[in-house]
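1. Quick one: sequence plus predicted model below, questions after.
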Amino acid sequence: MRSLYDSGYRTVKFSELVEHLRADKPFPERSFLITFDDGYQSVYERAFPILQRYGFSATVFLTVGKKGSEIGSDRLPLMCDRTMLSWDEIVEMHRCGIEFGGHTLTHPDLTSISSARINVEVRESKSIVEDRLGAEVACFAYPYGRYDSRCRAIVSQYFICACSDKLGLVHKNSDIYAIERVDAYYLRNEWLFGITLTELFPWYIRARSIPRRIRRWLY
């Protein structure tokens, strides 16, 4: 984050991204988005202080649990035996400029369930977050990044955009309901992260996306 800050980069929000895509406007130079899926407590404990230090925003996509499971507990249900964010932490981060998005109730592979259940998972998760924050929730991330035409159609009824598991950089022809992202895995050491600040970055991401597309096609 310090390298990005020192190089003059700034964060944008999904509403700005969608505005530029819809209007076919060029993106602001040296701009990027930061996203976190699921809502682990480490976002509050480790990432949030660093984001504040550099004045960066981010979007956290929350898996909130079944309708009513939030009653009597201030913390999101465990995922993978890991502690999740509490609603107090979520509210605090939201007040400080962190954006929150939908990520379903129970984190299913949406391509493997009925359309009726997809609707419930998407609609009710949005409603819970909006009720807790008293603010609109405009963006969504597909669990595991998986989606099909049914998922896309249902999500588009409730959100202005959605993130997929496509490895790539956002461009003028990006689908706003299947937005590309770059996993932190591909920037996992100082040398790899340094590529983000060079002209090699788009080529690096294209090269890494090829085996990923093959694996998805096979499995």
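-> Great, that's in hand. Numbering: from 1, shown residues only.
2. partner residues bridging residue 141?
-> Residues in a beta bridge with residue 141, per DSSP bridges, are residue 163.
3. Go ahead and confirm it touches residue 166.
-> No: taking contacts as C-beta atoms under 8 Å, residue 141 lies outside contact range of residue 166: 11.9 Å. Any C-beta I mention is one placed from the backbone N, CA and C, and that applies to glycine too.
4. Show me which residues of the helix or strand harbouring residue 209 are buried.
-> Residue 209 is part of helix 201-218 when elements are defined by DSSP states H and E. Neighbour-count burial for helix 201-218 flags 204, 205, 208, 209 (criterion: 16 or more other C-beta atoms under 10 Å).
5. likewise stretch 181-201?
-> 181, 182, 186, 187, 195, 196.
6. between those residues, which is closest to residue 56?
-> Checking those against residue 56 with C-beta to C-beta, the nearest one is residue 196 at 14.2 Å.
7. Skipping its backbone neighbours, what lies nearest the closest one in space?
-> What sits nearest to residue 196 in space, not counting adjacent residues and going by C-beta to C-beta, 6 or more residues apart in numbering, is residue 187, at 6.5 Å.
8. Tell me which residues touch that neighbour, please.
-> 193, 195, 196 (C-beta atoms under 8 Å, 6 or more residues apart in numbering).
9. Toward the C-terminus, what is the element adjacent to the helix or strand hosting residue 36?
-> If you go by DSSP H and E, residue 36 is part of strand 35-38. Sequence-wise, the next helix or strand downstream of strand 35-38 (DSSP H and E) is helix 42.
10. Can you give me the separation between residue 177 and residue 160?
-> From residue 177 across to residue 160, the span is 9 Å (C-beta to C-beta, to the nearest Å).
11. how many neighbours does the closest residue to residue 54 other than its chain neighbours have?
-> Spatial nearest neighbour of residue 54, chain neighbours left out: residue 5 (4.4 Å); criterion: C-beta to C-beta, 6+ apart. Neighbour count for residue 5, taken as other C-beta atoms under 10 Å: 13.
12. For the helix or strand that residue 5 is a member of, list every residue counted as buried.
-> Following DSSP H and E, one finds residue 5 within helix 2-6. Neighbour-count burial for helix 2-6, counted by 16+ other C-beta under 10 Å, picks out residue 4.
13. Against which helices or strands is the following helix or strand past it packed?
-> Per DSSP H and E, the first helix or strand lying C-terminal to helix 2-6 is strand 10-11. Strand 10-11 is packed against strand 31-32, with contacts defined by 3 or more C-beta pairs under 8 Å, 6 or more residues apart in numbering; DSSP states H and E.
14. can you give me the helices for the chain?
-> Secondary structure of the chain (DSSP state H): helices located at 2-6, 14-23, 42, 48-54, 87-95, 115-133, 149-158, 190-194, 201-218.
15. In JSON lines, list these along with distance to residue 78 and mean pLDDT.
-> Shown next, in JSON lines, are the helices of the chain (distance: least, C-beta to C-beta, whole Å; pLDDT from 0 to 100):
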{"stretch": "helix 2-6", "distance to residue 78": "32", "mean pLDDT": "94"}
{"stretch": "helix 14-23", "distance to residue 78": "27", "mean pLDDT": "92"}
{"stretch": "helix 42", "distance to residue 78": "13", "mean pLDDT": "97"}
{"stretch": "helix 48-54", "distance to residue 78": "20", "mean pLDDT": "97"}
{"stretch": "helix 87-95", "distance to residue 78": "15", "mean pLDDT": "97"}
{"stretch": "helix 115-133", "distance to residue 78": "17", "mean pLDDT": "96"}
{"stretch": "helix 149-158", "distance to residue 78": "25", "mean pLDDT": "97"}
{"stretch": "helix 190-194", "distance to residue 78": "30", "mean pLDDT": "92"}
{"stretch": "helix 201-218", "distance to residue 78": "28", "mean pLDDT": "85"}
